[in-house]
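Novice: What would the 3D arrangement of this be:
(one chain, ligands or ions: 1)
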Amino acid sequence: MIRVLFVCLGNICRSPMAEAVFRKMVEDEGLSGKISVDSAGLGGWHVGEPPHRGTRRVLEGRGIRYDGITARQIARGDLERFDYIVAMDEDNLAGLRRLDPQGAHRHKISLLLDYAPESDVREVPDPYFTGRFEEVYRLVEAGCRGLLEHIRHEHRL
Ligand code: 4NP
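Specialist: Residues are numbered from 1 along each chain as shown. As a prediction, the model looks like this:
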């Protein structure tokens, strides 16, 4: 199994959206038996909560399921367990690197929009205070598409 973990700050807006979008892409391509998907937050404020209403609305509008997704906080063991640890912004990236002070897992850690080179931004902006969930969706979609291509190529799937 190839294990993918999306990471943001609260695990209620961006990373659960990426989890749901990527899971659907993986299912649509018949790769559910090969790629598993999860998400986590660097902060613990929203642990146990379902995705934010803005994220739910965006997903519902596109018929993308998010059942079973609840917020959790990242743990050091996640860095061992997952093969691709994908951050939404530079702050998340810095937070992940603080959890990996020796750099043992550095090669697994990336930014989602590294996989969307056509995008003119490198970070998925935090919509929690701005409400810009549609913009987040467009970026998440592009990043997830590129990430899946990348994984398929690396693993010859
Ligand atoms: P997320 O958004 O990191 O995309 O889940 C946020 C959710 C909650 C908070 C910040 C960002 N917060 O400050 O509680």
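
Novice: how much space between the residue of the chain positioned farthest from its centre and the ligand?
Specialist: Within the chain, the residue lying farthest from the chain centre (C-alpha atoms, centre = their mean) is Gln102, at 23.3 Å. Distance of Gln102 to the ligand, computed by C-beta to the nearest ligand atom, to the nearest Å: 26 Å. From N, CA and C alone the C-beta is placed, and that goes for glycine too.

Novice: What is the neighbour count of the residue in the chain that the ligand sits nearest to?
Specialist: Closest residue of the chain to the ligand, C-beta to the nearest ligand atom: Gly10 (2.6 Å). Using other C-beta atoms under 10 Å, Gly10 has 21 other residues around it.

Novice: and it, which of the three is it?
Specialist: coil (DSSP: H, G, I helix; E, B strand; the rest coil).

Novice: do the same with Gln102
Specialist: Under three-state DSSP, Gln102 comes out as coil.

Novice: Is the ligand within reach of the helix or strand hosting Val140?
Specialist: Per DSSP states H and E, Val140 falls inside helix 133-155. No - Helix 133-155 does not reach the ligand (C-beta under 6 Å from any ligand atom); its nearest approach is 7.7 Å.

Novice: List of residues touching that helix?
Specialist: Outside helix 133-155, the residues within contact range by C-beta atoms under 8 Å, 6 or more residues apart in numbering are 2, 4, 13-14, 17-18, 21-22, 25-26, 29, 31, 34-35, 54-55, 57-58, 62, 84, 86, 112-113, 115-119, 121, 124-125, 127, 157.

Novice: pLDDT wise, what is Gly30 at?
Specialist: Gly30 is assigned a predicted lDDT (pLDDT) of 98.

Novice: Hmm, I typed the wrong one, I wanted Glu149.
Specialist: Note on Glu149: pLDDT of 98.

Novice: again, but for the one 4 residues further on
Specialist: The per-residue pLDDT reported for His153 equals 98.

Novice: sorry, back to before: and the contacts of helix 133-155, which of them are buried?
Specialist: Buried subset of the contacts of helix 133-155 (neighbour count, 16 or more other C-beta atoms under 10 Å): 2, 4, 13-14, 17-18, 21-22, 25-26, 31, 35, 54-55, 58, 84, 86, 112-113, 115-116, 119, 124, 127.

Novice: Intersect the residues you listed with the contacts of the ligand.
Specialist: Answer for the buried ones among the contacts of helix 133-155 near the ligand (C-beta under 6 Å from any ligand atom): Cys13, Arg14.

Novice: Which of the buried ones among the contacts of helix 133-155 fall within strands?
Specialist: The strands, defined by DSSP state E, take in Ile2, Val4, Ile35, Tyr84, Val86 from the buried ones among the contacts of helix 133-155.
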